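Asker: Just a sequence and a predicted model for now, questions to come.
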Amino acid sequence: MAKQTILVPDIGDYSNVPVIEVLVKVGDTIEKEQPLLVLESDKATMEVPADAAGTITAISVKLGDKVSKGTVIAEIEASAAAPAATPAPAATPAPVATPAPAAMAPAPKAGQYSGKVDHECEVLVLGAGPGGYSAAFRSADLGMNTVLVERYATLGGVCLNVGCIPSKALLHTTAVMDEVKTMAKHGITFGAPKIEIDQLRGYKESVIAKLTGGLAGMAKARKVKVVRGLGRFLDANHVEVELTSGDGQDLTGQKEVVRFQKAIIAAGSQPVKLPFLPEDPRIVDSTGALLLKSIPKRMLVIGGGIIGLEMATVYSTLGSRIDIAEMMDGLMAGADRDLEKVWEKFNAGRFEKIMLKTRAAKAEVKPDGIQVSFEGENAPAEPQTYDLVLVAVGRTPNGKKIAADKAGVQVDERGFIPVDKQMRTNVPNIFAIGDLVGQPMLAHKAVHEGHVAAEAAAGEKSYFDAKQIPSVAYTDPEVAWAGLTEEQCKAQGIAYEKGLFPWAASGRAIANGRDEGFTKLIFDAKTHRIIGGGIVGTHAGDLIGEVCLAIEMGADAVDIGKTIHPHPTLGESVGLAAEAAHGHCTDLPPVKKK
Ligand code: FAD
């Protein structure tokens with residue numbers, strides 16, 4: 001066991017930064033990259049990670065000390081198994097590295113592909129979803145010669161083409177339709193809506209085209225070379241691309257080979273299929289539902305997660321009668337129940353049946369529709385017939401479809417690719433990001449991982465160490481949460497305090513005629529720092545951003561409550577929830593003295 005000194009790493013332009021938390025003590029066994037200290041400058045809070053694993057024998061800093069690059073933090077007995085110390089990972093925010101010069105891939109190693117090479121690059125990105133295009137653009141911005149391989153005609157992946165964006169275009173339309181109906185209470189009456197479905201579809205397509213066209217322009221401006229086709233690894237430095245054409249992935253029969261120095265795999269995910277369902281155009285996944293071919297009279301949504309509920313919201317406003325079947329005992333898994341209950345109460349009457357603890361067990365194609373039999377606590381006694389069945393039971397990663405084994409990249413049984421905090425796979429020159437590396441499968445997670453992978457590929461000390469990844473259901477009302485939920489705090493035995501501001505006390509929510517929601521902030525009972533938050537109400541997805549920032553910055557209730565928010569806004573509710581946590585919110589009734 002060797003003694004080792006742990007120093008404060010490069011912390012950018014900062015020096016003499018106060019220590020606001022010491023996270024370890026003498027005798028603790030620490031892992032490499034485990035946070036040891038929390039520093040707070042006038043601009044940012046940052047964690048200082050360990051650059052080696054071992055047992056702490058002495059600590060040289062205490063609360064309130066001021067530290068700079070090179071200050072001794074601790075002495076450790078390095079673990080026997082610990083690898084030789086590598087340069088200390090940088091505390092965030094990381095310094096900006098000088099762009100690496102563009103370089104081509106080295107000549108093939110023994111045993112590698114040695115045939116004709118069509119493209120050479122420093123970084124190859126496989127898949128142009130939000131993770132992939134962000135990684136490619138960041139790579140190019142860092143000065144690396146970058147090739148982006150995508151099988152479809154447009155960039156943007158699931159999110160822009162068949163996910164986040166088209167669903168939000170339709171949700172916006174239907175939210176306006178729903179809001180217009182409520183205007184009668186204000187003395188303003190509109191006629192019944194006339195739905196031109198081709199035009200609505202056209203609007204959705206135009207939104208997609210605007211965004212994907214923008215991405216193509218940005219790729220060009222950055223000189224990112226886009227190779228259109230289906231990519232598969234030949235080895236750890238070569239990918240073969242079967243070129244595709246048309247709107248889908250029609251193979252042209254031509255192949256091109258890209259030789260790369262580093263690769264970032266961003267091949268995403270696809271909807272889970274239920275094996276007992278027959279092939280029929282009336283049984284669709286989210287991509288099929290977003291095509292909006294027609295408005296079914298009766299529709300079944302299998303799966304009560306975010307994607308299922310968003311599509312159910314769209315189709316119910318357009319006039320479909322909808323049943324939802326969910327195997328679990330609640331909808332919108334992951335959200336605290338108090339948030340979901342507000343959504344449920346507001347939507348009582350929107351759907352025909354919400355069948356919890358119930359699964360679709362059998363489906364038969366009949367001339368008049370798809371006949372579905374159910375099993376479970378709330379299963380209807382008789383099979384039900386639907387004009388459209390949407391299967392929204394989750395997504396599965398594409399890790400097994402890219403011949404990753406040829407490059408030596410590990411893929412688990414489910415198709416996920418394990419990575420470290422720099423998004424590096426078990427093969428040092430190959431990174432992986434996005435849906436393909438694990439939950440939550442969300443675009444904003446993929447984008448941030450893409451940036452980290454590109455920066456790490458350029459040699460920067462960049463790490464994915466997010467304290468929170470927000471989730472949003474863009475239903476009506478919206479439900480959004482970030483950081484730890486109350487349920488997670490309880491399960492993990494974390495003592496917490498909360499501040500809750502009901503929108504029934506919000507001037508803006510009342511003026512909008514939508515005061516059913518609330519804003520809740522969750523604080524660590526020991527440190528009083530915010531560790532989570534949830535919002536239910538109109539625009540909750542936009543409002544949660546402030547909670548995300550507060551968690552990342554380690555804010556406490558006083559920081560948030562004393563921040564002047566504009567009045568009258570829904571955003572005010574975040575400051576008011578923090579005041580409530582502190583016990584003195586003048587917009588709420590007085591707290592009874594004990
Ligand atoms: P993807 O977006 O899946 O992109 C992967 C890309 O790789 C695709 O373009 C694919 O064609 C390409 N590819 C795969 N294999 C190959 C290959 N062998 N060769 C060449 N190209 C290949 N997330 C949110 O954050 N907010 C939302 O509101 C939201 N709404 C959603 C709504 C729906 C209906 C759906 C389905 C998803 C939604 N998501 C949302 C999830 C979000 O779309 C994904 O998390 C995100 O797209 C993942 O990005 P990615 O880059 O990992 O992969």
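Answerer: Structure received. All values derive from a computational prediction rather than experimental measurement. Numbers count the residues shown, from 1 in each chain.
Asker: The protein: helices as residue ranges?
Answerer: Secondary structure of the chain by DSSP state H: the helices cover 130-141, 157-162, 164-182, 197-221, 286-290, 306-318, 337-346, 443-457, 486-492, 507-511, 540-553, 557-561, 572-582.
Asker: Let me have those in TSV, adding mean neighbour count, mean pLDDT and distance to Thr57 as columns.
Answerer: Quick note: C-beta positions are derived from backbone N, CA and C, even for glycine. Shown next, in TSV, are those (neighbours: other Cβ atoms under 10 Å; pLDDT from 0 to 100; distance: least, Cβ to Cβ, whole Å):
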stretch	mean neighbour count	mean pLDDT	distance to Thr57
helix 130-141	28	98	40
helix 157-162	24	98	49
helix 164-182	17	97	50
helix 197-221	14	97	52
helix 286-290	20	98	55
helix 306-318	24	98	48
helix 337-346	17	98	46
helix 443-457	25	98	31
helix 486-492	14	98	29
helix 507-511	16	98	56
helix 540-553	20	98	32
helix 557-561	20	97	36
helix 572-582	25	97	39
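Asker: Mind putting those into TSV with distance to Arg359?
Answerer: Putting these into TSV (distance: least, Cβ to Cβ, whole Å) gives the following:
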stretch	distance to Arg359
helix 130-141	32
helix 157-162	25
helix 164-182	24
helix 197-221	31
helix 286-290	19
helix 306-318	13
helix 337-346	20
helix 443-457	29
helix 486-492	23
helix 507-511	37
helix 540-553	29
helix 557-561	42
helix 572-582	38
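Asker: Look up how far Asn429 lies from Val409.
Answerer: Per Cβ to Cβ, to the nearest Å, Val409 is found 10 Å from Asn429.
Asker: The two: who's more crowded?
Answerer: Neighbours of Val409 and Asn429, each counted by other Cβ atoms under 10 Å, are more numerous for Val409; the result is 23 against 16.
Asker: if we can go back for a sec, shared neighbours, Val409 and Asn429?
Answerer: Ala236 (Cβ atoms under 8 Å, 6 or more residues apart in numbering).
Asker: What residues does the residue in the stretch 451-594 of the chain that the ligand sits nearest to make contact with?
Answerer: As assessed by Cβ to the nearest ligand atom, the ligand sits closest to Tyr474 within the stretch 451-594 of the chain, at 6.0 Å. Contacts for Tyr474 were tallied using Cβ under 8 Å, 6+ apart; they are Ser167, Lys168, Leu171, Ile306, Glu310, Gly541.
Asker: Please apply the same query to Val147.
Answerer: Val147 sits next to His119, Cys121, Val123, Leu124, Val125, Val224, Lys225, Val226, Val227, Val258, Phe260 when contact means Cβ under 8 Å, 6+ apart.
Asker: Up against the ligand, what does the chain have?
Answerer: 126-132, 149-152, 157-159, 163-164, 167, 230-231, 266-269, 286, 307, 398, 401-402, 434-436, 441-444, 446, 474 (Cβ under 6 Å from any ligand atom).
Asker: Walk me through the domains of this protein.
Answerer: Domain segmentation of the chain under the TED database yields 2-78, 119-270+396-458, 283-393, 470-582.
Asker: Quick check: the gap between the residue nearest to Lys357 when sequence neighbours are not counted and the ligand.
Answerer: In space, Lys357 comes closest to Glu377 once its chain neighbours are excluded; the distance is 4.1 Å by Cβ to Cβ, 6 or more residues apart in numbering. Distance, Glu377 to the ligand, by Cβ to the nearest ligand atom, to the nearest Å: 28 Å.
Asker: and which of the contacts of Tyr474 is nearest the ligand?
Answerer: Ser167 (4.5 Å).
Asker: which residues touch the closest one?
Answerer: Ser286, Leu290, Ile307, Glu310, Met311, Val314, Tyr474.
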